[in-house]
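Student: predicted coordinates and the sequence they were generated for:
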Amino acid sequence: SLPANQTNLFRLFSMALLFGFLALMIMSSDTPFLPSIPGADSTVKVRFGSSAPSESTPPRFALGYWSIRGLGAPLRMMLSAAKVDHDVVLHDLVEGDDGKGWVSEYFSSTKPELAKEFPLMNLPYVADRTQRRILSQTNSCLTHTARAVGMWPSDPIDASRCEALLCEIMDLRNQMVKFAYGGDGSKETAEKCVGASMKSLSKLEAWLKIEEKNGDGDAVHLVGGKFSAPDFHLFEMLDQYEGLCSFNELGDLYKDFPHLKKFKTGFEKLDENKFFLHSWLHTELPFNNCVACFGSLPGPELYTRGESAKSATWRKKGDVTLSP
């Protein structure tokens with residue numbers, strides 16, 4: 001055994017190491033996690049006032065996506081409906097100097113920098129500053145954020161229903177993405193897109209019919225008569241399909257889907273959604289990016305290379321604040 005004086009020195013040394021480690025942990029936790037996002041073209045500070053964080057203590061969530069509606073819209077709308085302060089980070093895709101390609105600070109700065117700590121980095125992403133981590137992949141972002149703001153069921157059966165709905169709505173979105181980014185933009189191809197989406201739309205119509213039967217009145221929520229993450233994604237996709245049908249004169253999207261129509265009109269009238277739906281994040285951003293053959297300008301209209309950049313007023317806004 002060690003002599004008494006050496007034992008005491010060893011204990012003192014061990015305690016010093018422990019206190020030093022604890023101090024380092026405290027200092028680390030006091031340092032805000034990603035207070036700003038590298039390569040952001042615009043950071044929209046959405047604030048509701050009641051618990052607005054200080055500049056040195058940014059809100060828990062930063063939501064990153066292209067400066068379009070797309071996959072970012074359901075996340076933004078959900079946090080606004082929950083009246084939770086958050087940052088919306090917008091990344092612009094712009095015309096390259098070569099006159100042919102497209103470039104973005106996201107590819108040259110944001111993704112390589114954040115991927116050092118989070119190799120799965122992709123768009124959309126959620127920076128959770130409380131948990132000091134980044135999430136990506138749409139459904140992962142939606143479920144994590146929904147749990148945090150009380151828009152995910154605590155009941156495991158209802159939670160699994162939400163998971164299934166998110167997957168079905170993603171199937172619906174993928175038909176739109178296939179058309180917008182891989183189609184020729186023609187009315188004929190748009191009609192095929194809508195036709196291919198009938199399977200998912202029919203499933204969701206039947207789902208809402210059952211929810212209405214089991215509930216009280218028109219179903220303006222997909223699960224249990226309460227807000228949940230799938231509500232917001234379905235609303236966004238119905239809005240896009242309405243725009244597609246209107247732009248191409250394809251007739252009434254809801255001809256055979258009365259429950260989807262009631263959901264859409266009822267959901268947008270809810271008080272919780274009015275702030276977001278009247279904000280420029282909804283009214284002034286295009287459905288899709290500038291390379292798409294549909295909805296690449298608000299309206300929806302089409303982006304024309306060499307001409308439309310001057311009308312893209314949503315780009316390069318820097319730091320701005322958005323409040324009710």
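Tutor: Perfect, I can see it now. Residues are numbered from 1 along each chain as shown.
Student: now do the phi/psi pair for Lys226.
Tutor: When read as degrees, to the nearest 10, the backbone of Lys226 gives phi -130, psi 160.
Student: check the gap between it and Asn139 for me.
Tutor: Lys226 sits 19 Å away from Asn139, going by CB to CB, to the nearest Å. C-beta: built from backbone N, CA, C; applies to glycine.
Student: more neighbours: the two, which one.
Tutor: Asn139 (17 against 13; other CB atoms under 10 Å).
Student: I'd say that one and Met170 touch.
Tutor: Yes - under the criterion of CB atoms under 8 Å, Asn139 makes contact with Met170 at 6.8 Å.
Student: shouldn't Glu242 be in contact with Leu253?
Tutor: Yes - the pair Glu242 / Leu253 is scored as a contact, 5.5 Å apart, by CB under 8 Å.
Student: pLDDT at Pro3, what is it?
Tutor: As predicted, Pro3 sits at a pLDDT of 61.
Student: please apply the same query to the one 3 residues further on.
Tutor: According to the prediction, Gln6 has pLDDT 56.
Student: in a helix, Asp171, correct?
Tutor: Yes - if the criterion is DSSP: H, G, I helix; E, B strand; the rest coil, then Asp171 is within a helix.
Student: enumerate every residue touching Pro58.
Tutor: With contacts defined as CB atoms under 8 Å, 6 or more residues apart in numbering, the neighbours of Pro58 are Pro32, Pro35, Asp87, Arg129.
Student: phi first, then psi, for the last one.
Tutor: Same thing as Arg129. Per-residue torsions, Arg129: phi -70, psi -20 (degrees, to the nearest 10).
Student: setting aside sequence neighbours, what's the nearest residue to it?
Tutor: Spatially, and ignoring its direct neighbours in sequence, Arg129 is nearest to Phe33 (4.4 Å; CB to CB, 6 or more residues apart in numbering).
Student: the one you found: how many residues sit nearby?
Tutor: The burial count for Phe33: 17, using other CB under 10 Å.
Student: ok, Gly72 to Glu117 distance?
Tutor: 22 Å.
Student: that's all I had, so thanks and see you.
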